[in-house]
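Novice: Quick one: sequence and predicted model below, then my questions.
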Amino acid sequence: MVSRRRAIVALAAAIGLGTGSPCFSDSEETTPEVSAEDPDYLAGKKALDAKDWNAAIKLFSSAGKRNPRNADIHNYLGYAYRKNGKLDFAFKHYNRALALNPRHRGAHEYIGEAYLIKGDLKSAQKHLAALRDICSLPCEELTDLEREVARYIKKPAADRSP
């Protein structure tokens, strides 16, 4: 009976039951010891929720000085910069997040959306393909980027970003 129970638990783990996430990744996207304890990281997330992009940039930049190898911090910095209209800085941080964790679902989604703002459908589709490889089952990041790419394609060429 014990070995049958272990087999069921192993199977459930293998297919992701009980993980709370329908998308599988080789590594955690968050470094818990940093995010759970860093007051600037936590305040930065609140600033994002409040759409206070300047505060989020300041707070995540401060957290990033203490932990420059945290992919989530770079992803959130990229997001705040993108929402603030500073695409060059957004790309810098998304690319850093992906260098630290090439399977970071959020960074693939957000950099894809940034490429659409820039008018670079081909690069956005590259990150969409990466999400299809990363997510064994549909995940929120994949669904969101698919939706944004479809919207972009439906737009008349004159309405697309440069």
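Specialist: Alright, I've got the coordinates. Numbers count the residues shown, from 1 in each chain.
Novice: C-alpha from now on. contacts and neighbour counts both.
Specialist: Will do.
Novice: Let me see the backbone angles for residue 38.
Specialist: Main-chain dihedrals, residue 38, degrees, to the nearest 10: phi -80, psi 110.
Novice: so what's it up against?
Specialist: Residues in contact with residue 38 (CA atoms under 8 Å, 6 or more residues apart in numbering) are residue 63.
Novice: Leaving out sequence neighbours, find the closest residue to the residue nearest the centre of the chain.
Specialist: Geometric centre of the chain, nearest residue: residue 106, 1.0 Å, by CA atoms, centre = their mean. Take residue 106 and drop its neighbours on the chain: the residue closest to it by CA to CA, 6 or more residues apart in numbering is residue 141, 6.2 Å away.
Novice: where does residue 155 land on pLDDT?
Specialist: On pLDDT, residue 155 comes in at 82.
Novice: That one: neighbouring residues, count only.
Specialist: Residue 155 is flanked by 10 other residues according to other CA atoms under 10 Å.
Novice: about what we covered before: isn't the residue nearest to residue 106 right next to residue 107, touching?
Specialist: No. Look at residue 141 against residue 107 with CA atoms under 8 Å: they stay out of range, at 9.0 Å.
Novice: the more surrounded of these two?
Specialist: residue 107 (30 against 21).
Novice: and the helix or strand containing the more buried one, which residues are buried?
Specialist: Element membership of residue 107 [criterion: DSSP states H and E] is helix 105-118. In terms of neighbour count (16 or more other CA atoms under 10 Å), helix 105-118 has its buried residues at 105-117.
Novice: Then stretch 146-160?
Specialist: Buried-residue list, stretch 146-160, by 16+ other CA under 10 Å: 146, 148, 149, 152, 160.
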